[in-house]
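Novice: Return atomic coordinates for the entry below.
(chains A and B)
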Amino acid sequence: MNKFSNAWQRFWFKEQSPEPLALFRILFALFVFQVSLFELAPNFSLLLGAKGMFDTASVAVYWWQKEPIFNVFLLLPQSDVFRFGFFCVFLVFTFFLTVGLFTRFSAIIVYLGLLSFDNQCPFALDGGDDFMRLIAFLLIFSPAGEAYSIDRILKAKIRGIKLKDMPLNMVSPWVQRMIQIQISLVYLFAFLPKIVGDQWQSGTAIYYVFQLADFAKFHVPKIMTQFPLYKILTYYTLLVELSMATLVWIKPLRYWILLAAVFLHLGIDWAMNLPCFEFLIMSSYVVFVDPNDLKKVSALFKSLLGFSPKQNHLVEAKIIQHSDHVFLPTMLFLLFILICGSLMANPIRQQYALLESQRNYDQRLAKVFNYWNDRFKQYSQLPEDDEKRVIAEEALGAILSLKKDYIQSGKLLRNACERLAQQNKAYNPELISALSSLANLYLETYHLDAAELCYKTISNYDIDHLEYAPNRQSIELNNLGVIAYFRALLAKDKAEQTQKYIEADRFFREALNKSHNPKITSNTGFRQIEAGILFNQSLSLRNLGHLKEAQTAQIKAANINSGFKKPQSP
Amino acid sequence: MKALNSLTSLKESIKPQLVNSFSLFFINVFIVSYFSIAFLWLWATNLITIKHENSQSRTIIHSLSAITSLIGLEQNWGLFSPNVRSDNNYGLVVIVLQNGFLKLFEMPRMEKLNVLEKAQREKFRKIFNDNFPYPSFRHMRPAFSRFLAKVAYSKYNPPARMSYFLVSDPIPPPEASTVKIPQKESNLHPAIINYFVYGVSPDDFQ
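Specialist: Coordinates of the predicted model:
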């Protein structure tokens, strides 16, 4: 027992230099800075804004549910100005953490900021975000400001001694050890779920990874995706992950394993777009480096850069920094902030819960369904071609298709179309509406021929009634273009796909020609239709590889839409 | 040197053993608690990833979730586990305007972006490729639909319906492989999957 206790004490608390941790602090804060400026800032209003893609009420009800959550945004007025203001404060303190100014307090602000961003947009998180948040939390309790920091310079000034005469305090490395074990946990739980996978066992996993178009970054040579290289790389990945969880703790092997892991991550970073995680985890390896080795490397760099060792000489004394006594007050302070922040957010979370319950989509759909179902039952005694009954039939059919009851919906809509066609009206917009609903149903159930037939029927009907509907033809042509676009998506080979995209493009061009009717362009609503056609066309052009034309079409669409103020789209 | 000596003696004199051991006790408690929570959480979430449904794991996650949510201790390192996705997919939304006009909206397609844009929009890939089409995300889809309805809004011709499709293109099995991965014939063709339909209401534009 005593042996274990001694070993425990030695492992967690045997004093050592704070330099590896301080160096990691700098690298970590730089990565937080880079992610914040490069990934979060340009997409701030969409991801974190008060009127972003996913409103806070939905996130609160469906994601946080009843769990206690700390989110600074809940404590601020619900406006982007305040949210962005906090983001700027966060950036300032990230900079402070980098340079080591008010290090512990800066770490607290950085942690609270990351926690808030992660809670605000929890479905955008990847491993890099989780790792940053966990490390920021641990850094709060660390003596990371004891070296390479402005805090150290300030301390020297206060004590009235020169920086070079300032002793480098030894610290107990328990936070550094926690970060080391956390890194090993990352690899252990990256390795364990993989070994049960067929692809990892058969050695084909990396082949599939290289084929994922949404992850691809730079070009991967074809040989890498061929046997036996993909197999070697698959097993290399598993071996490195297991070693980083286990063998990295054996000192003589440590640097070799770290080197192998660096190669793995450099390879991943070349092939895959994981902008934050790879370099962040590689930078964390510095906590595994022995302080004496770090000094040797530092001395080597200094000599290479032409600095004399005396210039940056740090007097190292066997003074143990008992910063551990700040652990308890810091932890209590942090818990106080988190619990108070969570409790203070309860009133606004209750408001969100109320708002979300009022607009619950399933309930709304059920309500509308019940209304039209009752109507339909009520009118079912009326003759089949009675207008009230047909309208109820069409409405119920459209709602059932929203509930994905396509069989019943199709029956009702087809019936409604037949009855509406039999009515002797000069022009029947309800027939077009019913046919459009039927076409949507066919599109959603991949019956493209049937959907096309519906749009062609509407088109023929409109041509026959041009005096009533001079501006509808562009709509049907556009919709036929969309059907062709879907056919392209389902094409079995590249040639068929290209042919279908060309067909779609032809429909969109014809639709644009029809929309250039002066009667139409004077109408703002139809100017937007023109913009819509241009946008659809830009997609087919882009898929055909006509990037410049696609861009021109998009710019034209944007210019037409520029008169309307809208939220930015992703 | 004199300053250094006085500093050393000062440090020695303010080394209260009692406070130190008191702090150490809490540090030890913190270390053990942190890793117990982390290990249990990771173990439970991994069992769910592998076995899909595991009531014991859900109980563990549920009992830990108050502390992990408050402090932000959730972690998941299971990218590409237990298997790598064997298809390329992206989202496509067909917005049906009130007059029947179909407007296409493509979810961000990373393969069409340059390296800088890819890095900048990685969060959108995460949302729209890794989360949006899957059942666990179904409650959030109306929230995005409301946002999209506002983006596509026109006084004269507002959106009436949105159909969400997943365009999926299977990755062919590796050539010249010594291993055969069982793959259904039907899975080897491109597919479009309609996974959600949203009926827009006038309240959505407010």
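
Novice: What is the burial count for the spatially closest residue to A:M344 that is not a sequence neighbour?
Specialist: Leaving aside its chain neighbours, A:M344 sits nearest to A:L75 (5.8 Å; criterion: Cβ to Cβ, 6 or more residues apart in numbering or on different chains). (Each C-beta comes from the backbone N, C-alpha and C, glycine too.) Using other Cβ atoms under 10 Å in any protein chain shown, A:L75 is surrounded by 16 other residues.

Novice: Same question for A:K494.
Specialist: Counted with other Cβ under 10 Å, A:K494 comes out at 8.

Novice: B:I67 now?
Specialist: Residues lying near B:I67 (other Cβ under 10 Å) number 14.

Novice: Domain-wise, how is chain A divided?
Specialist: For chain A, automatic domain parsing gives the domain ranges A:17-172+A:323-359, A:177-289, A:360-469, A:471-570.

Novice: can you tell me which of those the model trusts least?
Specialist: Mean pLDDT values for the domains of chain A show the minimum at domain A:471-570, a mean of 84.

Novice: Closest residue of chain B to chain A?
Specialist: Going by Cβ to the nearest Cβ, chain A is nearest to B:Y156 of chain B, at 2.7 Å.

Novice: Test my guess that that residue contacts A:I529.
Specialist: No. Using Cβ atoms under 8 Å, B:Y156 is not in contact with A:I529, being 9.1 Å away.

Novice: Please name whichever of the domains of chain A is nearest to B:V200.
Specialist: Nearest of the domains of chain A to B:V200, taken as Cβ to Cβ: domain A:360-469 at 10.2 Å.

Novice: can you tell me which residues contact the residue nearest to A:M344?
Specialist: Taking Cβ atoms under 8 Å, 6 or more residues apart in numbering or on different chains, we find A:L75 in contact with A:341, A:344-345.

Novice: Looking at those residues, which one is closest to chain B?
Specialist: Of all these, A:G341 has the smallest distance to chain B: 9.3 Å, by Cβ to the nearest Cβ.

Novice: which residues in chain A form strands?
Specialist: Ranges of strands in chain A, per DSSP state E, are A:170-171, A:320-321.

Novice: What is the first one packed up against?
Specialist: Judged by 3 or more Cβ pairs under 8 Å, 6 or more residues apart in numbering or on different chains; DSSP states H and E, strand A:170-171 is in contact with strand A:320-321.

Novice: repeat that with 10 Å
Specialist: helix A:19-35, strand A:320-321 (3 or more Cβ pairs under 10 Å, 6 or more residues apart in numbering or on different chains; DSSP states H and E).

Novice: taking these together, which one is wrapped up most tightly?
Specialist: Greatest average neighbour count among the helices and strands packed on strand A:170-171 goes to helix A:19-35 (a mean of 22), per mean count of other Cβ atoms under 10 Å in any protein chain shown.

Novice: going on from the lengthiest helix in chain B, what's the next piece of helix or strand?
Specialist: Taking DSSP state H as the criterion, chain B has its longest helix at helix B:17-51. Next helix or strand after helix B:17-51 toward the C-terminus (DSSP states H and E): helix B:55-71.

Novice: can you list contacts of that next one?
Specialist: Helix B:55-71 is contacted from outside by A:64-70, A:111, A:115, A:119, A:122, A:133-134, A:137, A:334-335, A:338-339, A:341-342, B:33-34, B:36-38, B:40-41, B:43-51, B:54, B:73-75, using Cβ atoms under 10 Å, 6 or more residues apart in numbering or on different chains.

Novice: If any of those residues are buried, give me the PyMOL selection for them.
Specialist: Selection of the buried residues among the contacts of helix B:55-71 in PyMOL, burial being defined by 16 or more other Cβ atoms under 10 Å in any protein chain shown:
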select buried, (chain A and resi 64+68+69+70+111+115+119+122+133+134+137+334+338+341+342) or (chain B and resi 34+37+38+40+41+44+45+46+47+48+49+50+54+73+74+75)
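
Novice: tell me the domain boundaries of chain B?
Specialist: Split into domains by automatic domain parsing, chain B comes to B:2-71, B:87-205.
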